[in-house]
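Participant: fold the following and give me the result.
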Amino acid sequence: CDDIRLDFSGTIVQPELNSLDLGPEDDPTRYQTAILHGKSPKAHTRCQWLEQEFLKIVNLQIISPDQEEVYVQIIQDYGSSAVYAGVPSSRWDIAVAYTYQGILHIIPQGLDHLLFIIGLFFAMQSFRQALWLVTTFTIAHSITLILVASGMSTPAWLQVCVEPLIALSIAVIAIENCCFKQMKNWRPLVVFLFGLIHGMGFASVLSDLGIPDSYFWVALLSFNVGVEIAQIAVI
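Facilitator: Residues are numbered from 1 along each chain as shown. All right, here's what the predicted structure looks like:
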């Protein structure tokens, strides 16, 4: 972590590594999570996280001495943060940041979710059907996203099966599209059940990204809005 540095009004500080979670050894695509601790100089008027080559995505949270979060910023692609000069993050700042992350998780990072949405699109024969299927999928994945992100515990076996089940959902929709020219009555139920699974996938990403305690619901709902914006754009 020697290349992780913070600039406090020209004074460079290297925080100490408190803990590091590399994720499952058999899944190199998982997020790596590092928690860093350090003290800032007594006299400073601005702060900036400087570029580094260790963490691809950084959820920078500046916390005041009374343990209240005063600033939150998500930094992409090993980059530097904006300069923090004592102005706390607003709900709008958090909403914009997490909406963007929701969009990013679908376009371009969410190929699996995109394939599922495209599969639904191929089965749509009218605007009414399209609205019904997309609304069903939205309701379903929103339920599990909110429940899991809010702290609902899920069995370990189910957590392991989430990604294979998402792959299965794509295959099922594709096979059904090939076998039936007309949408069957069970399609909304299938979409709802697989939507619940996709919601767990969204929740896993959001959990790895991190949610600021002070803006929990703003971040959670904004991330979901971002996902919906991307899905609608694809359709």
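Participant: please make it C-alpha for all contacts and neighbour counts, starting now.
Facilitator: Will do.
Participant: now the most centrally placed residue in the chain: closest residue in space, sequence neighbours ignored.
Facilitator: Geometric centre of the chain, nearest residue: Leu206, 3.4 Å, by Cα atoms, centre = their mean. Leaving out its chain neighbours, the residue that sits closest to Leu206 by Cα to Cα, 6 or more residues apart in numbering is Ala149, at 7.4 Å.
Participant: ok, that neighbour touching Ala203?
Facilitator: Yes - when contacts are counted by Cα atoms under 8 Å, Ala149 is listed as touching Ala203 (5.6 Å).
Participant: point out where this protein drops to low pLDDT.
Facilitator: 1-2, 20-34, 64-70, 86-88, 153-159, 182-184, 208-209 (pLDDT under 70).
Participant: what segments of it are strands?
Facilitator: 6-8, 11-13, 16-21, 33-37, 47-49, 58-63, 69-75 (DSSP state E).
Participant: what is the neighbour count of the residue nearest to Leu206?
Facilitator: The local packing of Ala149 (other Cα atoms under 10 Å) involves 22 other residues.
Participant: buried residues of stretch 227-235, list them for me.
Facilitator: Buried residues in stretch 227-235, counted by 16 or more other Cα atoms under 10 Å: 227-231.
Participant: still on that earlier bit, any idea how far the residue nearest to the centre of the chain lies from Ile117?
Facilitator: According to Cα to Cα, to the nearest Å, Leu206 and Ile117 sit 20 Å apart.
Participant: and Gly199, by the same measure?
Facilitator: 13 Å.
Participant: just Lys181 next, same as before
Facilitator: For Lys181, the distance to Ile117 - Cα to Cα - is 18 Å.
Participant: which one of these two is surrounded by more residues?
Facilitator: Neighbour totals were compared for Lys181 and Ile117, and Ile117 leads with 20 against 10 (other Cα under 10 Å).
Participant: list the contacts for that one?
Facilitator: By Cα atoms under 8 Å, 6 or more residues apart in numbering, the residues touching Ile117 are 231, 234-235.
Participant: could I get these as a markdown table with distance to Pro41?
Facilitator: As requested, these are exported to a markdown table (distance: Cα to Cα, whole Å):
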| residue | distance to Pro41 |
| --- | --- |
| Gln231 | 45 |
| Val234 | 48 |
| Ile235 | 51 |
